[in-house]
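Colleague: need the 3D shape of this:
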Amino acid sequence: MDTRSLKGQAALVTGSDSGIGKGVALELAKAGAKLVINYAHNHDAAVEVVKEITDAGGEAYAWQCDVSQEDQVQAMFQEMFKHYGTIDILVNNSGLQKDSKFVDMTLDQWNTVININLTGQFLCSREAAREFIRRGVVEGVSKAAGKIICMSSVHEVIPWGGHVNYATSKGGIMMMMKTLAQELAPQKIRVVAIGPGAIQTPINKSAWDTPEALKSLMTLIPYNRIGQPDDIGKLATWLASDEADYITGVTIFCDGGMTLYPGFADNG
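Modeller: As a prediction, the model looks like this:
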């Protein structure tokens, strides 16, 4: 793929101060996109991502925003429009876990995860879609009026006991993505999702930070390696490019085969 395939395009990646979001932001920047590095709390980490991009000759700035708060989301987009003039690519990546057995889960644990993981994607997608429709397709920039990439999970299809709020949020993202893709396609707006499997990030450190934990994790991954943030970043970059212009309304799993239900490999 052309390493400057996104040259001149403005991209917002929510939750891009670490983990998968950082990996996505760095790969988009390598492809020529101008970045907004959104973060919720860790200003220093976001500034480091900006520095990594600008040191490599790219363009980026950091912006704090709680994506579950409508006024903060709208302010973030208005600032982006002042800074870059528009938006071409939105990557809805912000997400968290508040794990609990179902019978012990508090309403706050439920609401926090749904509000960040699902409502946050709704709010950001709405603001981006409004701008895409207002501006339309810009000749020479992209074949699409805009691209929305929703970060889902293998848990949009795999149930996950002890994580009902998280799994529900990801199932909701899947249906939101499909519905938005259906509704917005006539305006030349593409909406897709990425379903990561086990990626080596701080959110799931307990699953890979000891040899025993990593060995146990490998029983769920036929490809026998843990994913890296740049695995997701490279996929997101391709999906945002014109090479993927005819793709909309689907989740592409990047999971080393986790959705192949490896427990059934030897007759179950």
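
Colleague: so how many other residues sit close to the closest residue in space to V157 that isn't next to it in sequence?
Modeller: In space, and not counting its chain neighbours, V157 is closest to T259: 6.3 Å by Cβ to Cβ, 6 or more residues apart in numbering. C-beta: built from backbone N, CA, C; applies to glycine. For T259, the tally of surrounding residues (other Cβ atoms under 10 Å) stands at 17.

Colleague: low-confidence regions, the stretch 151-268 of the chain specifically.
Modeller: 268 (pLDDT under 70).

Colleague: run the last query once more with 50
Modeller: Within the stretch 151-268 of the chain, no stretch has pLDDT under 50.

Colleague: what are the buried residues along the longest helix anywhere in the chain?
Modeller: As assigned by DSSP state H, the longest helix anywhere in the chain is helix 164-184. Of the residues in helix 164-184, 164-174, 176-178, 180-181, 184 count as buried by neighbour count, 16 or more other Cβ atoms under 10 Å.

Colleague: immediately after that helix, which helix or strand?
Modeller: The helix or strand immediately downstream of helix 164-184 is strand 189-196, counting by DSSP states H and E.

Colleague: for that next one, which strands pair with it and how are they oriented?
Modeller: Strand pairing for strand 189-196, using DSSP bridges, gives strand 146-151 (parallel), strand 251-254 (parallel).

Colleague: now do it and helix 164-184, the angle between them.
Modeller: Here strand 189-196 points in a direction 150 degrees away from that of helix 164-184 (axes from the mean of the first three to the mean of the last three Cα atoms, to 10 degrees).

Colleague: restricting to C-alpha, output strand 189-196 in PDB.
Modeller: C-alpha atoms of strand 189-196 as PDB (Å, rounded to 0.1, in the frame of the first residue of the first chain):
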ATOM      1  CA  ILE A 189     -19.800   7.600   4.100                       C
ATOM      2  CA  ARG A 190     -18.200   4.300   5.000                       C
ATOM      3  CA  VAL A 191     -18.600   2.700   8.400                       C
ATOM      4  CA  VAL A 192     -16.700  -0.400   9.500                       C
ATOM      5  CA  ALA A 193     -15.500  -2.100  12.600                       C
ATOM      6  CA  ILE A 194     -12.400  -3.900  13.700                       C
ATOM      7  CA  GLY A 195     -12.700  -6.800  16.200                       C
ATOM      8  CA  PRO A 196      -9.400  -7.200  17.900                       C
END
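
Colleague: any residues touching the longest helix of the chain, and which ones?
Modeller: Contacts of helix 164-184 with the rest of the structure, by Cβ atoms under 8 Å, 6 or more residues apart in numbering, involve 92, 95, 97-100, 102, 105, 109-110, 112-114, 117-118, 121-122, 125, 129, 132, 148, 150-153, 155-160, 190-193, 195, 248-249, 251.
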